[in-house]
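Trainee: Sequence and predicted model, in that order:
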Amino acid sequence: MEKQTKSIKKVSFIVLIITALFFVWYVSADRHTPYTDQARIRGLITPVSPRVSGFVTEVHVQLHSRVKAGDVLFQLDRRPFEIAVEIAEAGIDNTTQSVAASTASVKSSAGKLGVAKAQLDRAQRNWDRVQRVMKENEGALSESDKDQAETALLQATEQVASAEASLERAKQSLGVSGPDNPKIRRAIQNLEHAQLDLEFSTIVAPTDGVIESFEVDLGYYASAGQPITTLISSSDVWIQANLKENNLSKMKIDNEVEFVLDIAPGKIFKGKVRSLGFGVATDQTNKGGLPSISEKKGWLQDPQRFPVIISSDDAEVKDLYRLGGQVDVVVYTGDNSLLNAIAGFRLWLISKLSYVR
């Protein structure tokens, strides 16, 4: 009986030692080699929307097609936009003809003003001569001659004023001459707008990526500003690991990271910490666009988690990324060989278990 009691005590002591060691490891690892399975693949999603409205006449992609920036995705009916370009081109011709006619009107008005000024000059000289003759000899000219000369002067003055007003109206109608003429500028802008709409009738990929949410076929009427497909951009894909607040105490930018993807069981990939989150939404009234972190519910409140952004330069892993995919992550915050070795073994074991997940 005494021997059995000693054995129980010995086992209890060993269990207590193991528990204490496990507790010390857990507390140390939580800060030096934090691990989380609350990580997801994130990326940029671009809704592809036409900038003009029209019927789809050509479809160059399919669901999950890989595209490059500038690849043609859809073609809208070009005919209405080509007609608009032709109308705008005709508008430039009409405007230049109108401006030419206005120029001729200015020249004509200027010529009439010159004639009127010449007549005024003659009438003024004639009136001055009449005044001089009458001063020297009052009876040399009749009252009729005097009235006739005065009337001619007044009429010539009025004709000059009328010609000046006509010339001013013609100048205002013409505006600035040459390409700075407002009518010509407006006609050119109309043509540029029509050409731009024609260019926009060809819908191209804004960036490299994969086509998702694709339900468009020939004859579909695409409305300007309304998405017709979604492009998952491959220009930037990252892992968002939601780590506990106390995991961040020793974490820094560029810390080494290892992670496991469910899509590639048995493989461990490397990356680095790109950025650390500084705020999360804590209630339903948040209006600032802060990230919302789902919490596990249990008897004890789970510590607050913050997003840690992880990137990888591994070309192989970039082909394996699927937005929303689950990731297991370990961050190495220092050169602690023992904790790093244990964390690496733990992740290796998880990578093998991912075969049966």
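Mentor: Looks like it arrived, so ask away.

Trainee: and residue 191, how many neighbours?
Mentor: 19 (other Cβ atoms under 10 Å). Heads up, the C-betas are built off the backbone N, CA and C, glycines and all.

Trainee: now residue 199
Mentor: With other Cβ under 10 Å as criterion, residue 199 counts 12.

Trainee: Pull up the gap between it and residue 254, please.
Mentor: Counting by Cβ to Cβ, to the nearest Å, the gap from residue 199 to residue 254 is 43 Å.

Trainee: Residue 15: neighbour count?
Mentor: Residue 15 has 10 nearby residues by other Cβ under 10 Å.

Trainee: where's it relative to residue 128, distance?
Mentor: 134 Å.

Trainee: Likewise for residue 78?
Mentor: From residue 78 to residue 128 the distance is 74 Å (Cβ to Cβ).

Trainee: ok, now residue 222?
Mentor: 80 Å.

Trainee: and residue 59, what is it in contact with?
Mentor: Applying Cβ atoms under 8 Å, 6 or more residues apart in numbering, we find residue 59 in contact with 73-74, 216-218.

Trainee: Residue 331 sits in which helix or strand?
Mentor: strand 326-332 (DSSP states H and E).

Trainee: average model confidence for the host helix or strand of residue 237?
Mentor: For residue 237, the host element (DSSP H and E) is strand 229-244. Averaging pLDDT along strand 229-244 gives 88.

Trainee: Direction included, what does it pair up with?
Mentor: strand 35-48 (antiparallel), strand 209-212 (antiparallel), strand 305-311 (antiparallel) (DSSP bridges).

Trainee: how much space between residue 57 and residue 305?
Mentor: Distance of residue 57 to residue 305, given as Cβ to Cβ: 50 Å.

Trainee: Low-confidence regions, the stretch 101-250 of the chain specifically.
Mentor: Confidence mapping of the stretch 101-250 of the chain against pLDDT under 70 gives the ranges 101-118, 127, 129-131, 133-147, 149, 163-164, 166-181, 184.

Trainee: Which parts of it are helices?
Mentor: 143-174, 182-200 (DSSP state H, counting those that start in this stretch).

Trainee: any idea which of the contacts of residue 59 is closest to residue 182?
Mentor: Residue 182 lies nearest to residue 74 out of the contacts of residue 59, by Cβ to Cβ, at 37.6 Å.

Trainee: How about the contacts made by that closest one?
Mentor: 50, 56, 58-61, 202-203, 216, 222, 228.

Trainee: follow-up on the earlier one: when residue 78 and residue 128 are compared, which one has more neighbours?
Mentor: residue 78 (15 against 12).

Trainee: wait, what's in contact with that one?
Mentor: So residue 78 contacts 57, 198, 201 (Cβ under 8 Å, 6+ apart).

Trainee: Equivalent analysis for residue 77, please.
Mentor: 54-57, 201.

Trainee: List the contacts of stretch 81-96.
Mentor: Stretch 81-96 has contacts (Cβ under 8 Å, 6+ apart) with 52, 54, 183-184, 186-188, 190-191, 193-195, 197-198, 201.

Trainee: Now, of those residues, which are buried?
Mentor: 52, 54, 183-184, 187, 190-191, 194-195, 197-198, 201 (16 or more other Cβ atoms under 10 Å).

Trainee: now those as CSV including distance to residue 322?
Mentor: Output for the buried ones among the contacts of stretch 81-96, formatted as CSV (distance: Cβ to Cβ, whole Å):
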residue, distance to residue 322
52, 33
54, 34
183, 57
184, 55
187, 52
190, 47
191, 46
194, 43
195, 41
197, 37
198, 38
201, 33
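
Trainee: which residues in the stretch 251-357 of the chain form strands?
Mentor: 256-261, 269-276, 305-311, 326-332 (DSSP state E, counting those that start in this stretch).

Trainee: Relative to residue 242, which of the ones you listed is closest?
Mentor: Closest to residue 242 of the strands of the stretch 251-357 of the chain is strand 305-311 (Cβ to Cβ; 4.2 Å).

Trainee: buried sites along that closest one?
Mentor: In terms of neighbour count (16+ other Cβ under 10 Å), strand 305-311 has its buried residues at 305-308, 310.
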